[in-house]
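Student: give me a model of this one.
(2 chains)
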Amino acid sequence: MDTKSKKWKAILSFLCFSLGVSLLLGGAAPFLSLALRGSQGVQELRESFETDYQNTTQFRRNISGYLEDFLAMASGSPLDWYGYPYDGEYTYSYAQESAEAAMEGLGLQWGWQTETSYGVSEDSSSGPSYPSDEEIEAAAKRAHERFAKDKNILYTISYDGKEKYTNAEGTGLDGPSLAQPEGYNFLLYFDGKKATIIKDGKKIDPYGDGYYREENDWYLPGYNNFTVDEKTSHATVTIAAAKVPMLYVSTDNSNSAYRSNDLYYLARNLSQNRQRYIVCAFALTAGAVFFLFYLFSRRQKARADRFLARITGRVYIEFKVLILLLALLFALLASSYNMRELAYYVYNEGYLDFWMLSSYLQDVAQNTGAVLFLFWMGYLLVNDLRYGVHPLKHSLLSRLRASHRRAELRLPFQQRMERRLRRITAFQVILSAAAAVPLFFFMIYNSPGALVIAIPLLLLLALGLWALHGFNRDCRSMSGDVGALIDQIGTVRAGNLSMPLTLPEDADLCQAAQDLGDIQRGMNAALEEQIRSERMKVELIANVSHDIKTPLTSIISYVELLDEEEDLPEHVRDYIEILKGKSQRLKTMVQDVFEVSKATSGQLPVDQEELDLGKLLRQTLADMQEQIAGSPVQLRSEIPEEPVMIQADGQRLYRVFQNLLQNALQYSLEGSRIHVSLHADGSMAVASVKNTSKTEIAPGVDFTERFVRGDQSRTDGGSGLGLSIARSFTEACGGRFSVETIADLFVVTVEFARLPE
Amino acid sequence: MNECVLVVDDDREIVKAIAILLRKEGYRVLEAYDGLKALELAAEQSVQLILIDVMMPKLDGLSAVMKIRERRNLPIIVLSAKSEETDKILGLSMGADDYVTKPFSPQELVARVRSQLRRYTSLGDINTALSSGEIHNGRLSYNTEERLLRADGDPVKLTATETKIVDLLMRNLGRIFPAEEIYRRVWEEEAFAPENTVMVHIRRIREKIELNPKEPEYLKVVWGIGYKIEKMESHT
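Tutor: Numbers count the residues shown, from 1 in each chain, chains lettered A, B, ... in the order given. A predicted model of the protein is given here:
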């Protein structure tokens, strides 16, 4: 329940974050581009909310432009942009012109024909020639044709009182009387000196205090410091602008079907911008609200981030970076302001000015989709780096490296090193070539005399390659030696101690090989010593037991003879009985010691065969049934009827259980029970003999110790080697023998691997 | 009667003890304390059986056995402190008829001497006269028609059940019979825990036919599998 609500909180928090950030980013783009433009931007924003397009700077600028063109047409001056052999000079702006004029301390002269304007051009050899009057006339006509079809602007252009061009026939447009046609609520009349503006029937004074400043609304001649020249002062121009601009299309044979329609587009852009700003403002507000929500629950978001990181963690880091780079490239290239243009500009101008860059960035910022995509890809990458489990290690490269490493490890050491050396050599040669070839060509192309330097350099290169070759050879021989050493270690590990590794005297690893050889010899000596002492021990015991057996034979024989004597007193007969018993025990003991020593040194011959352990136990019990019946304890056996097949030497194993049972019979508490059981435990056959000890079992006595010396309490009767024999014979047959004591309960377990039936 | 036994051992007390034991049984005894002397006596005297130790000065027992075997075919019992299976096999392959490890029990030794002498003196005839239905196996022979078992030529008194068991095992020398099968064939009914019953009878038969019932040579338990009568290889 709790985890579920936590999960939902995390999802909610993350949703708030993602929506908030996306909306903020998307909404901020146009405002950002406005902010980059400073006060201009603020003005643009303000004007976007003008309902009347005529109240905008752009409208005034357009009207000024029209007036400028019409005045040029009236006075027969050349039009800078139209019909004139253009020569790349038209970036010459009014502002610049006026600034220059101001700097020269001259009054600004309206017009294009001034000698000074073109003086510079004429000075240069390839400058344009001044156009003839006919050319100017033709250009003016073409301009009129272009303007006339756009009925958003009605105009009448007169010179010296004579009407030259108009598109306002029959509309009732009349400048001097300031009469406006129907649907046209803006009128500008230029009488040759000053302009008169009427909007919605009201007269507007564009000149203010009569002096032109850059921040003035209207850029029109007629100011005290902005006048027209003598030629232009004969012209009168009337311009009317439509209240609601329309899109004018005409289908004459000439070039374009669409007319200029400046005002229509102006009005349309205005309303579009307005809508965009409103939408963006909404997005910003909503984004801010979401973001605020996120800020309150930002702790929960970490959970979602970790979840995301788990998902993205499965992607290789290379793909992540690649996608991010693609997103960046997409964002940069998707801009209408093409990167190529920017590059071209940088290439031509040699630098990138702030204006250029900022306008480019504005453009990039306009592309909301690309920006959001870029942002989220970046976010996922950062998130992955922050919460992912070794995000940098989960890469295609490391994957490839690991698989390569695995494949390499399968090869023997020598081949591995050989491959690495080959790789390094190849890289070295390629690098040297990459360095040498350009150098060589550079020298030849630049100055053939540089060959004098090139030849020693080439010699140096050859020397370097020769040294490299030598180094590689040494490495190869050393890796061969290391491989041989590794193989030798494996050989020693496998138990071959007789063949030492010999490396040449001058080999780097000669000493190591010698040391290994010494270790080998030492181990061999130790092993031989151990085997010899083991053999000696058995031989010693064999000899000792043999030496004991001969006098023992006499003892037994003469005790027997003594026993056959008649008329002996009763107490002498008792003595003889004791002698008989003890000499018999000595006989078994000698035999047992010999066999135990052989078994523990691994020299006991065993005749392994498949047998049924259950049957063996039953036979043993049957074999000893008289002994069992004659003892004061009872025997309980739990042996399954079905065969429990094992691999062992039956005769030896019989001795094992015989000894165990004899022990149990001898040392059990009177009236107690001996439990003999056998059960199959998985792949093991487990037989156990349990009895309750007559005497207290001394704690801490290791009954399984070889050459039972701690077994003092069990030496009366028998050889005292019962458990030792049982243990060593079991192990000689490949079984497992263990003794466990729980209070006075004595448990011996014999385990063998079961054979499949 | 009065067979002559040559006892050879470098331990004079042992020779003396054996001599006393054998003389009590009515045998003539010659004593020797090294291999050369033994060879000498065996050549000079009429000896029916030799008891010889392995480790002796001048000439060791096994070499002496080989030398004696070159000329004479008489029972030789090797006495040795070496109890290894390999030592026994070596001794027997050198031409010895029996191998007794020291320290031996006097009664067993005497029984073995008697057994060997009986086979040497009287069984030689039986061996040649192969009558039908006779199975010979070392000291034992079994007549399938009479259902009579002989050890060293003497009839062994067996009960009816014991005879059935002997009949089964003697007819299938060397084959191992699980207790269940013996029970089924002898008692002719299905067995439930037959091990004890069979083992009791086996032990009784051993008492009657084995020289040392504690270390049986013929009627053996194959631990974990069953019971069999060992098939002896006759070496004559």
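Student: interface residues of chain B facing chain A?
Tutor: Within reach of chain A by Cβ under 8 Å from any Cβ of the partner chain, chain B has these residues: B:11, B:13-14, B:17-18, B:20-21, B:24, B:81-83, B:85, B:102-107, B:178-179, B:193, B:195-196, B:198-200, B:203, B:221-226. All C-beta spots, glycine's among them, are computed from the backbone N, C-alpha and C.
Student: need the longest helix for chain B.
Tutor: Under DSSP state H, the helix in chain B containing the largest number of residues is helix B:195-209.
Student: check which residues of it are buried.
Tutor: Using 16 or more other Cβ atoms under 10 Å in any protein chain shown as the test for burial, helix B:195-209 gives B:Glu195, B:Thr197, B:Val198, B:Met199, B:His201, B:Ile202, B:Arg203, B:Ile205, B:Arg206, B:Lys208, B:Ile209.
Student: just checking, the fifth one touches B:Val166?
Tutor: Translated: B:His201. No: contact criterion Cβ atoms under 8 Å: B:His201 and B:Val166 do not qualify, at 9.7 Å.
Student: chain B contacts on chain A?
Tutor: A:545-546, A:549-550, A:552-558, A:560-561, A:564, A:583, A:587, A:591, A:594, A:605, A:609, A:611-613, A:615-616, A:618-623, A:625, A:648, A:650-651, A:653-654.
Student: hey, what's A:Met645 bridged with?
Tutor: Bridge pairing for A:Met645 (DSSP bridges) gives the partners A:Asp612.
Student: quick check, pLDDT for it.
Tutor: You'll see A:Met645 listed with a pLDDT of 91.
Student: does the closest residue to A:Asn524 other than its chain neighbours count as helix, strand or coil?
Tutor: Leaving aside its sequence neighbours, A:Asn524 sits nearest to A:Leu497 (Cβ to Cβ, 6 or more residues apart in numbering or on different chains; 3.8 Å). Of the three states, A:Leu497 takes coil under DSSP: H, G, I helix; E, B strand; the rest coil.
Student: who touches A:Leu497 in this structure?
Tutor: A:Gln520, A:Arg521, A:Met523, A:Asn524, A:Leu527 (Cβ atoms under 8 Å, 6 or more residues apart in numbering or on different chains).
Student: picking that back up, for the longest helix of chain B, give me every contacting residue.
Tutor: With contact meaning Cβ under 8 Å, 6+ apart, helix B:195-209 is reached by A:615, A:618-619, A:621-623, A:625, B:139-140, B:149, B:151, B:156-159, B:161-162, B:165-166, B:179, B:182-183, B:213, B:216, B:218-219, B:221, B:227.
Student: same deal with stretch A:680-687?
Tutor: Residues from elsewhere that reach stretch A:680-687, judged by Cβ under 8 Å, 6+ apart: A:613, A:617, A:640, A:644, A:646, A:657, A:676-679, A:749-754.
Student: please apply the same query to stretch A:651-660.
Tutor: So stretch A:651-660 is contacted by A:604, A:606-607, A:611, A:613, A:616-617, A:619-620, A:623-624, A:687, A:689, A:722-723, A:725-726, A:729-730, A:732-733, A:735, A:748, A:750, B:221, B:223-224 (Cβ under 8 Å, 6+ apart).
Student: out of these, which are inside strands?
Tutor: Using DSSP state E, the subset of the contacts of stretch A:651-660 located in strands is A:Leu611, A:Ala687, A:Val689, A:Val748, A:Val750, B:Val221.
Student: now the two most distant members of the residues you listed.
Tutor: Farthest pair in the ones in strands among the contacts of stretch A:651-660 (Cβ to Cβ) is A:Val748 and B:Val221. Separation: 22.1 Å.
Student: show me where chain B has strands.
Tutor: With DSSP E as the criterion, chain B has strands at B:4-8, B:28-32, B:49-53, B:76-80, B:98-101, B:134-137, B:140-143, B:148-151, B:154-155, B:219-222, B:226-229.
Student: could you point out which element follows the helix or strand of chain A with the lowest mean pLDDT?
Tutor: Sorting the helices and strands of chain A by mean pLDDT, DSSP states H and E puts helix A:115-123 at the bottom, at a mean of 38. For helix A:115-123, the following helix or strand on the C-terminal side (DSSP states H and E) is helix A:133-148.
Student: what helices and strands are in contact with that next one?
Tutor: Secondary structure elements in contact with helix A:133-148, counted by 3 or more Cβ pairs under 8 Å, 6 or more residues apart in numbering or on different chains; DSSP states H and E, are helix A:57-75, strand A:162-166.
Student: next, the buried residues of the first one.
Tutor: Pointing back at helix A:57-75 there. Within helix A:57-75, the residues scored as buried using 16+ other Cβ under 10 Å are A:58-60, A:62-64, A:66-75.
Student: per-residue confidence for the residue sitting nearest the centre point of chain A?
Tutor: Centrality entry for chain A: nearest residue to the mean C-alpha point is A:Ile317, 3.2 Å, by Cα atoms, centre = their mean. Looking at A:Ile317, its pLDDT is 83.
Student: what's the separation between it and A:Phe307?
Tutor: As judged by Cβ to Cβ, to the nearest Å, A:Ile317 and A:Phe307 stand 19 Å apart.
Student: for chain B, what helix or strand is lowest in average pLDDT?
Tutor: Quick look at chain B via mean pLDDT, DSSP H and E: least confident is helix B:124-128, a mean of 49.
Student: quick check: A:Phe729 touching A:Leu604?
Tutor: Yes: using Cβ under 8 Å, A:Phe729 makes contact with A:Leu604 at a distance of 7.4 Å.
Student: more neighbours: which of these two?
Tutor: More crowded of A:Phe729 and A:Leu604, by other Cβ atoms under 10 Å in any protein chain shown: A:Phe729, with 27 against 19.
Student: contacts only, for the more buried one.
Tutor: By Cβ under 8 Å, 6+ apart, A:Phe729 lies in contact with A:Ala599, A:Leu604, A:Asp649, A:Arg652, A:Leu653, A:Arg655, A:Val656.
Student: which one's the longest helix in chain A?
Tutor: Criterion DSSP H: the longest helix present in chain A is helix A:510-564.
Student: packing partners for that helix?
Tutor: helix A:451-493, helix A:570-600, helix B:12-24, helix B:106-118.
Student: what distance separates it from the centre of its chain?
Tutor: Centroid displacement of helix A:510-564 relative to its chain, using Cα atoms, centre = their mean, to the nearest Å, is 67 Å.
Student: surely A:Lys203 is in contact with A:Ile197?
Tutor: Yes: the pair A:Lys203 / A:Ile197 is scored as a contact, 7.1 Å apart, by Cβ under 8 Å.
Student: common neighbours of those two, please.
Tutor: By Cβ under 8 Å, 6+ apart, A:Lys203 and A:Ile197 have no common neighbours.
Student: of those two, who's got more company?
Tutor: Counted by other Cβ under 10 Å, A:Lys203 and A:Ile197 do not tie: A:Ile197 has more neighbours, with 21 against 10.
Student: can you confirm that one is in a helix?
Tutor: No: counting by three-state DSSP, A:Ile197 is not found in a helix; it is strand.
Student: mind listing what it touches?
Tutor: By Cβ under 8 Å, 6+ apart, the neighbours of A:Ile197 are A:Phe186, A:Leu187, A:Leu188, A:Tyr189, A:Lys203, A:Ile204, A:Asp205, A:Pro206, A:Trp218.
Student: repeat the analysis, applying 10 Å as the threshold.
Tutor: Contact partners of A:Ile197, counting by Cβ atoms under 10 Å, 6 or more residues apart in numbering or on different chains, are A:60, A:63, A:178, A:186-190, A:203-207, A:218, A:220, A:239.
Student: let me know the closest of these to chain B.
Tutor: Of all the contacts of A:Ile197, A:Arg60 has the smallest distance to chain B: 121.1 Å, by Cβ to the nearest Cβ.
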